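Enquirer: Quick one: sequence plus predicted model below, questions after.
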Amino acid sequence: MQLTNPHDVPVYTISGASTARPLPDWLARKRKRSLKNDPEYANRVELLQDFEFEEASTCVRVSDDGEWAMSTGTYKPQIHTHSLHNLSLSFSRHTTSLNHSFVLLSSDYSKSLHLQTDRRLEFHTPGGCHYETRLPRYGRDLIYDRRSAEALVPSTGVNADGSGEVYRLNLEIGRFMKPYQINVGVDDLVGGGGLQGGINAGSVNTAAIAEESHNLLAFGTSIGTVEFWDPRSKTRAGVLAGQEGEITALDFDRSGLSLVTGSSEGIVQIFDLRRPVPILRKDQGYGYPIKTLIHMTTSSQEKKILSADKRIIKLWDESNGQAWTSVEPAVDLNSVAWCKNSGMLLTANEGKQQHAFFIPQLGPAPKWCSFLDNMVEEMAEEAPMETYDNYKFLTLPELKQLNMGHLVGTTSLLRPYMHGYFVATKLYEEARLISNPYIFEDERAKRIKEKVEKERASRIRGGKKVKVNQNLVDKMLKKQERREKVDEERGVLGDDRFTKLFEDEEFAIDEKSREFQAINPSTKVGATAALPRAVDSGAEGSDSDEEEQIRPEPTPEMRISSSSYKKSGHQRQDKALGTRVQGAGRVNKHGGDVVGEKQSVFVPSGGKKDKADQSEPAKKARRDDGRRSASNNFFRKL
């Protein structure tokens, strides 16, 4: 199930192939085996089981009760009848010749009349072919008049009087009645076409009946005229002339006052029976003969017209001719059937699989597939597909920059829209590569830059600046580092009650104060705190009035005191007091290097001993000089 037409009136393809040529059977079976583990393939929708023919289908009809669908196709010629309630094929039956058209005589499938291409009429029942009869000439169409129980068959060629004929087979009496003689404008005997018709022979192509109103008959001819006959008096009631090409399709409105005609030139016209001038004229657009015309009424009681040729199905408004929606399958169409009072369309086409389309705005899903309504609602919640997915929008300066300005107005590759143009994506990429051969390297550098910027987006860079307590703001934002998005207006930062905390200087936090350092001993402050002055009293003869040298204290750092963190090597191992000496080789406990910015001496200084220590040469270091002992403890000398 996929969305075929993503416009204002969406059309969903329920079943049918998306390619004109189906895969061979052996390749299709191989692909099915490879897709047996695919969940999307396993959950696919199969609306009707075996809704297909070996080669193509020619005609499809839906019963009046809405429970059965019958279709004919080839090859070999056969009839398929589907039980819509069970969503499966009820039975299939082969025939000896191809089918041209058929009608369902009963409200279900039990009685059907088939017009074959070998000039035969076959009556079918659930048991098989009940009866068959032969026509004098080849039939072009088949309708059934329920009030008089007559099957009407428009035919090709003319009779001895030079008129076309519509054969009447009375099913109540069981014999042919006098045919309706239609003027086809050509004397077939003079033209040399023979009784069976020829290349230029006239014919009655199609017929329609106003079954729900006045029961008037309408016959379309090969000369572009429509003749109306009264089945009660068996006389001609009027002629509608002046059509372009042959009349190939007719359909009456439910009221019987509106008639829509389709010609071999692809022209659709709407007539009011009280006026000979068409109310509305529409061109199908492809120039192919119109094959199907249906008057429709939407769920909102809007009147629409369905017109179909072999290429496209169009639905448009009956009053003003405005296009409503359309669907263009990948294969040629032969017939279209509408499930009444619903949005379901069934088609007979040249492809192997028959198509089923669902238009939610036309009407609800039929009762036998009511689950489609829920599926459509779920698909509608998803993002719709863009109209110009394969196009790039460029302005005129951008086109000139890519050396494509000469294409404006000279080719269909550029689609003008507002202040620019839509350019095919493939053409745009080629033009950009020609204008800048290093586009790949530039694109790669751009992608790398975007990736780096995306990683940096979650980091704190002091995004929010305040007048006071900036460190507090940074600390709050730092807690959001692991989130996908840093919200600068979250919590206290976005609460109006705490506005003065970041604007009024009276609420500034003094990180240098003694109270702040007592509460936050591990916090790194922004500036150095005041330190007690240390007097260097290590030298003899120092004067008390000598200016004291003050050394700045290193900035406090935050340290982790867990045992696992220390073992991992992130923190320096704490040694015994008096042995915190770093340096190469062995260390002398008396004359070793000093670690830190200054040395604090706790031993009272003596003049003679200090001079003696200074004059003594450095002794050779012992193996245990760097170890702590009771005799060498500094506190024992105090």
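Expert: Received, thanks.

Enquirer: Every contact and neighbour count from this point should use C-alpha atoms.
Expert: Fine.

Enquirer: So residue 449, which state does it fall into?
Expert: helix (DSSP: H, G, I helix; E, B strand; the rest coil).

Enquirer: so residue 323 touches residue 317, yeah?
Expert: Yes: applying CA atoms under 8 Å as the test, residue 323 and residue 317 come out as touching, 6.5 Å apart.

Enquirer: any idea how far the residue lying closest to residue 235 once chain neighbours are set aside is from residue 414?
Expert: If you skip the residues right next to it in sequence, residue 235 has residue 229 as its closest partner in space, 5.7 Å away by CA to CA, 6 or more residues apart in numbering. For residue 229, the distance to residue 414 under the criterion CA to CA, to the nearest Å works out to 54 Å.

Enquirer: can you pull out the helices in this protein?
Expert: 25-34, 39-42, 188-191, 371-381, 396-401, 425-435, 439-456, 470-478, 500-503, 514-519, 563-567, 607-615 (DSSP state H).

Enquirer: list the buried ones in the fourth one?
Expert: For helix 371-381, the neighbour count (16 or more other CA atoms under 10 Å) marks 372, 376 as buried.

Enquirer: Extract the CA atoms of it and return them as PDB.
Expert: Output of helix 371-381 as PDB, limited to C-alpha atoms (Å, rounded to 0.1, in the frame of the first residue of the first chain):
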ATOM      1  CA  PHE A 371      -9.600  -1.800   7.800                       C
ATOM      2  CA  LEU A 372      -8.200   0.500   5.100                       C
ATOM      3  CA  ASP A 373      -9.600   3.500   6.900                       C
ATOM      4  CA  ASN A 374      -7.300   2.900   9.900                       C
ATOM      5  CA  MET A 375      -4.300   2.300   7.700                       C
ATOM      6  CA  VAL A 376      -5.000   5.500   5.800                       C
ATOM      7  CA  GLU A 377      -5.200   7.500   9.000                       C
ATOM      8  CA  GLU A 378      -1.800   6.100  10.100                       C
ATOM      9  CA  MET A 379      -0.200   7.000   6.800                       C
ATOM     10  CA  ALA A 380      -1.700  10.500   6.900                       C
ATOM     11  CA  GLU A 381       0.100  11.200  10.100                       C
END
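
Enquirer: who's in contact with that helix?
Expert: Taking CA atoms under 8 Å, 6 or more residues apart in numbering as the criterion, the residues outside helix 371-381 that touch it are 360, 364-365.

Enquirer: How about the fifth one?
Expert: Applying CA under 8 Å, 6+ apart, the external contacts of helix 396-401 come out as 405, 419-421.

Enquirer: and of those residues, the nearest to residue 216?
Expert: Nearest to residue 216 among the contacts of helix 396-401: residue 421, at 53.5 Å, using CA to CA.

Enquirer: Surely the closest one and residue 391 touch.
Expert: No: between residue 421 and residue 391 no contact is recorded; they are 9.4 Å apart, counting by CA under 8 Å.

Enquirer: distance between the ends of stretch 94-107?
Expert: Across stretch 94-107, first to last residue, CA to CA, it's 23 Å.

Enquirer: Same question for it: list its buried residues.
Expert: For stretch 94-107, burial by neighbour count (16+ other CA under 10 Å) applies to 94-95, 97-105.

Enquirer: same check, this time on stretch 205-225
Expert: The neighbour-count criterion (16+ other CA under 10 Å) identifies 205-211, 215-225 as the buried residues of stretch 205-225.

Enquirer: now swap in stretch 273-292 and tell me
Expert: Of the residues in stretch 273-292, those buried under the neighbour-count criterion (16+ other CA under 10 Å) are 278-279, 282, 284, 288-292.

Enquirer: right, and the pair among these with maximum separation?
Expert: Distance extremes for the buried residues of stretch 273-292: the farthest pair is 279 and 288 at 22.1 Å, using CA to CA.

Enquirer: What segments of the stretch 151-300 of the chain are strands?
Expert: Listed in chain order, the strands found in the stretch 151-300 of the chain under DSSP state E, counting those that start in this stretch are 164-170, 175-182, 204-209, 217-221, 226-230, 235-240, 247-252, 258-263, 267-272, 280-283, 292-297.
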